[in-house]
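> Pasted the sequence and its predicted model underneath.
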Amino acid sequence: MEKKVTLLILITLFLIASSAGAAGRPAVDFGTYTATEEITKTVAVLVPLADEGVEYLEVGLESLPATEDRLLTLEGQRLKLETRGGIYWVDMDPVAVPAEHQLLTDENTAALPLILNFTVKPQDRPGEYSTVLFIREMNSEGLIKERFLPIRLKIDPWVIIETVIGEIFVGSRGEEARTLINRIPGEVRVGSNSNWKLYLECLPIEELKLGNLELVLVAEEESGFEVLTQLSIRLKEEKVLLGGGGPTTFEDGSFWVKIPYFLRVKDYISLPAGNFALPMVFKATVVED
């Protein structure tokens, strides 16, 4: 899953106040991400300058974006700053942003427009994250004024599923071969940033007796899939819990848990000839904490 998505849905103008208490600080809220692929959202900020003698700004983060309990953090390059003069990646080491030729001015005020881009990746775990952006107005003599801008965002839990259907082919066989199993196995692929469960639902099909069909899961210990029912399941018209697992997305680029399966057809010679769509639907749901 290498596709990247940029969402310019928050082109909002913020006027950053001076260094007031935390309760009085305006905040940039990037909203909610459902990052089944890499997603970037954008907010525009206008920084009013305290002094026309500002030569540059020092911009950085007080800490890595993290949940309130600090158990989860967002590592790597996440916040990108765009100005008229350049593009900067912002982290805990401040970057210097020149003010010359970038200011918006009138008779009484000067301000520097900034565009903030925040990126969330599939491997990021669900939660509400926050940090604080500091902006220091600087000149050759040092610090003029320091401002603070809280940043917050939410990452939702998600799970997606793909299914590769195996094939069963009946050639000329004697009646003694009463059970078929697909020569090419099927496969269920589950991708998630959270804990999840996998279910099987069967649809009625008149030509085929569900009692003749049996699903056989191939659960490998290292796959991360825990079987919560029998490995061999007789298909019937009700929802069946197959198993579950934890997050499948990681920094190394891994995305899917792959679960092979076989389908047995018992007493197939009693079934009518023809092509049949397999009456199975795999579904995955997120497990809420």
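Nice, I can see it.

> could you point out which element follows the worst-scoring helix or strand of the chain on mean pLDDT?
Sorting the helices and strands of the chain by mean pLDDT, DSSP states H and E puts strand 13-15 at the bottom, at a mean of 49. The C-terminal neighbour of strand 13-15 among helices and strands, as given by DSSP states H and E, is strand 28-33.

> ok, the helix or strand following that next one: who's next to it in the sheet?
Once strand 28-33 ends, the next helix or strand along the chain (criterion: DSSP H and E) is strand 38-48. Paired neighbours of strand 38-48 in the sheet (DSSP bridges): strand 4-7 (parallel), strand 13-15 (parallel), strand 110-120 (antiparallel).

> Sketch out the low-pLDDT regions of the stretch 51-200 of the chain for me.
By pLDDT under 70, the low-scoring segments of the stretch 51-200 of the chain are 51-52, 101, 105-108, 166-177, 182-183.

> Surely residue 223 and residue 260 touch.
No: contact status for residue 223 versus residue 260: not in contact, 9.2 Å apart, counting by CB atoms under 8 Å. In short, each C-beta sits where N, CA and C put it, glycine included.

> separation between the residue lying closest to residue 197 once chain neighbours are set aside and residue 263?
Ranked by CB to CB, 6 or more residues apart in numbering and with sequence neighbours excluded, the top spatial neighbour of residue 197 is residue 244, at 4.0 Å. Distance of residue 244 to residue 263, given as CB to CB, to the nearest Å: 21 Å.

> can you check residue 238 too?
Separation of residue 238 from residue 263 (CB to CB): 18 Å.

> which one of those two has more residues nearby?
Comparing residue 238 with residue 263 by neighbour count (other CB atoms under 10 Å), the higher total belongs to residue 263, at 20 against 8.

> right, and the helix or strand after the helix or strand residue 191 falls within?
Taking DSSP H and E as the definition, residue 191 sits inside strand 186-192. With elements assigned by DSSP H and E, the helix or strand that comes after strand 186-192 is strand 196-202.

> Check which element follows that next one along the chain.
Heading C-terminal from strand 196-202 (DSSP H and E), you reach strand 213-217.

> pretty sure residue 128 is touching residue 67, no?
Yes: assessed by CB under 8 Å, residue 128 is found in contact with residue 67 at 6.3 Å.

> So the two - more neighbours on which side?
It is residue 67, of residue 128 and residue 67, that has more neighbours when counted by other CB under 10 Å, with 16 against 13.

> OK, contacts around the closest residue to that one other than its chain neighbours?
Closest residue to residue 67 apart from its sequence neighbours, by CB to CB, 6+ apart: residue 127 at 4.4 Å. Taking CB atoms under 8 Å, 6 or more residues apart in numbering as the criterion, residue 127 is in contact with 67, 72, 154, 155.
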